[in-house]
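1. Sharing a model prediction with you, sequence too.
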Amino acid sequence: MTKLNKAQKEELKHNVVFSCSKHGKDTYFNIKKLEKKRTMRSFVYVWFFDAHGRQEKMWVRIRSGSQRAGFGTLDNAPVLLTHLKLNDPVHFRTDRYGITKPITKENSHA
């Protein structure tokens, strides 16, 4: 693992849940249920991934749109996907299975 910066260390210490690939989707949906809380209506739980198969699920603060589709900023300090940074802009969309993913050039058809 690469060396973690201060924000990543704090995130890991206070706000990271690791799960195996077998239970990753269950864990994602359990955490995603928090979106329904009144205090979480301006957030969406997004499933990020990279070209190497690494995955990380993080909160995005919604700036426009809804929890189904919109634009926001990353509200977590990534631990695994170090090409992302806290407050990075994120366009996102929720698919028919209830999984919210970032919209990129590679997956804009999703």
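-> All right, it came through fine.
2. V90 versus the closest residue to W59 other than its chain neighbours, what's the distance?
-> Excluding its sequence neighbours, the residue lying closest to W59 (CB to CB, 6 or more residues apart in numbering) is D75, at 4.3 Å. No exception for glycine: its C-beta is placed from N, CA and C like everyone else's. From D75 across to V90, the span is 9 Å (CB to CB, to the nearest Å).
3. Could you name every residue contacting both of these two?
-> Taking CB atoms under 8 Å, 6 or more residues apart in numbering as the criterion, D75 and V90 both touch V60.
4. about what we covered before: hmm, V60 and the residue nearest to W59 touching each other?
-> Yes: using CB atoms under 8 Å, D75 is in contact with V60, at 6.1 Å.
5. mean confidence score for stretch 71-78?
-> Mean pLDDT, stretch 71-78: 94.
6. now stretch 94-110
-> 79.
7. out of D75 and V90, which sits in the more crowded spot?
-> V90 (25 against 19; other CB atoms under 10 Å).
8. now for the strand or helix carrying the more buried one, which elements pack on it?
-> Assigned by DSSP states H and E, V90 belongs to strand 89-94. Where contact means 3 or more CB pairs under 8 Å, 6 or more residues apart in numbering; DSSP states H and E, strand 89-94 is packed against strand 43-49, strand 69-74, strand 100-102.
9. Identify all contacting residues around the first one.
-> It refers to strand 43-49. Under CB under 8 Å, 6+ apart, the answer for strand 43-49 is 28, 31-32, 34-35, 55-62, 67, 70, 72, 75, 78, 81, 84, 90, 92, 94, 99-102.
10. Quick test: name the residue nearest the centre of this structure.
-> Nearest to the mean C-alpha position of the chain, by CA atoms, centre = their mean, lies M58 at 2.7 Å.
11. Kind regards, and thank you for your time.
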